[in-house]
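Novice: Could you work out the structure for the sequence below:
(one chain, ligands or ions: 1)
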Amino acid sequence: MANLIAQNIEMCFDERQLFTIDRVQLSEGNTIYLQGDNGSGKTTLMKLLAGLLKPSRGTITAEGFAPLPWWRSNPLLGKAVYLHQHPYLFDGSVEYNLRFPHTFSDMTARELNQRTLAAIEMAQLTHLCKQTASSLSGGEKQRLAIARAWIMRPKLLLLDEPTSNMDKYSQQLVLTMISELQEFGTGMLISSHQACVLTSLCNQTWIIKDQTIISSGAAVNPANTAPINIQDSQYVIAN
Ligand SMILES: Nc1ncnc2c1ncn2[C@@H]1O[C@H](COP(=O)(O)OP(=O)(O)OP(=O)(O)O)[C@@H](O)[C@H]1O
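Specialist: Okay, the predicted model is just below:
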């Protein structure tokens, strides 16, 4: 089973302490709601878990992943897919963005193609397929980024304010995709200022309050822990 474990963490920017963490664990099969006020450190925590930032103190370890390739110096990069609030999209069409990460998957070409077509349908991107990704609205970009992650079925997914720009209709579309990933066993950390359609799926809560993180709710054993290929750093950052 894939896990990310953060222990004895202190995160500071310059002299300012943002938060400390005794221990938190994100595992396959868990869906966790990350709660916290503006500026409390939700994005920072996700970047730490994704290996995009280093903590000032403490360790973050990844378990249950394929061994690192020789050229990879950062052991966390490529483990959890990080989906930024304002997703990074490649220069190119919507379809190009959906197909770009295929080379990092061990699914067959046929399966990837089927999943891509299904994702286009589920995220209602059919009429946007040939449009350049940079010209999409904020909500459409978020839908595209979630569809891209859905195709790849990552072991762990970090969703940073995933519905912040979405209307109710779009939220329902992504709810379907996120519910499917949950059934598959993808471990997810979902940040949101306030309860939203996706936080209703969560079985644990991490609250950032008074510069520390309180975890509540029981960890859930995954229903399905079928191994899949890890994504490359390009793909992590691309999300
Ligand atoms: N690279 C950095 N250098 C200095 N300060 C930073 C840096 N990155 C983030 N911060 C500060 O750390 C604090 C937490 O930022 P972060 O983006 O993690 O909060 P957040 O909980 O995600 O906020 P929001 O809900 O508004 O998105 C903020 O005060 C921010 O200004």
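
Novice: Please make it C-alpha for all contacts and neighbour counts, starting now.
Specialist: Fine.

Novice: Could I get the average pLDDT for the lengthiest helix in the chain?
Specialist: In the chain, with assignment by DSSP state H, the single longest helix is helix 168-184. Per-residue pLDDT values across helix 168-184 average out to 93.

Novice: same question, stretch 31-45
Specialist: Averaged over stretch 31-45, pLDDT sits at 95.

Novice: How about residues contacting that stretch?
Specialist: 18-19, 26, 53, 160, 182, 187-194, 199, 201-209, 211 (C-alpha atoms under 8 Å, 6 or more residues apart in numbering).

Novice: To what extent is residue 191 buried, counted in neighbours?
Specialist: 28 (other C-alpha atoms under 10 Å).

Novice: Please identify the helix or strand for the nearest residue to it once chain neighbours are set aside.
Specialist: Nearest residue to residue 191 in three dimensions, chain neighbours excluded: residue 34, at 4.4 Å (C-alpha to C-alpha, 6 or more residues apart in numbering). Using DSSP states H and E, residue 34 sits in strand 31-36.

Novice: Compute the inter-axis angle for that strand and helix 168-184.
Specialist: Angle, strand 31-36 to helix 168-184, by axes from the mean of the first three to the mean of the last three C-alpha atoms, to 10 degrees: 130 degrees.

Novice: quick thing: my sequence starts at 54, can you match it?
Specialist: Fine by me, first position is 54 from now on; the one you just mentioned is strand 84-89.

Novice: Tabulate the CA atom coordinates of the next helix or strand after strand 84-89 in CSV.
Specialist: As assigned by DSSP H and E, the chain's next helix or strand after strand 84-89 is helix 95-103. Only the C-alpha atoms of helix 95-103 are listed here, as CSV (Å, rounded to 0.1, in the frame of the first residue of the first chain):
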residue,chain,number,x,y,z
LYS,A,95,-2.9,24.1,3.2
THR,A,96,-1.1,24.7,-0.1
THR,A,97,2.3,24.6,1.6
LEU,A,98,1.5,21.2,3.2
MET,A,99,0.5,19.8,-0.1
LYS,A,100,3.7,21.0,-1.7
LEU,A,101,5.7,19.4,1.1
LEU,A,102,3.9,16.1,0.5
ALA,A,103,4.4,16.3,-3.2
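
Novice: That's all I had, so thanks and see you.
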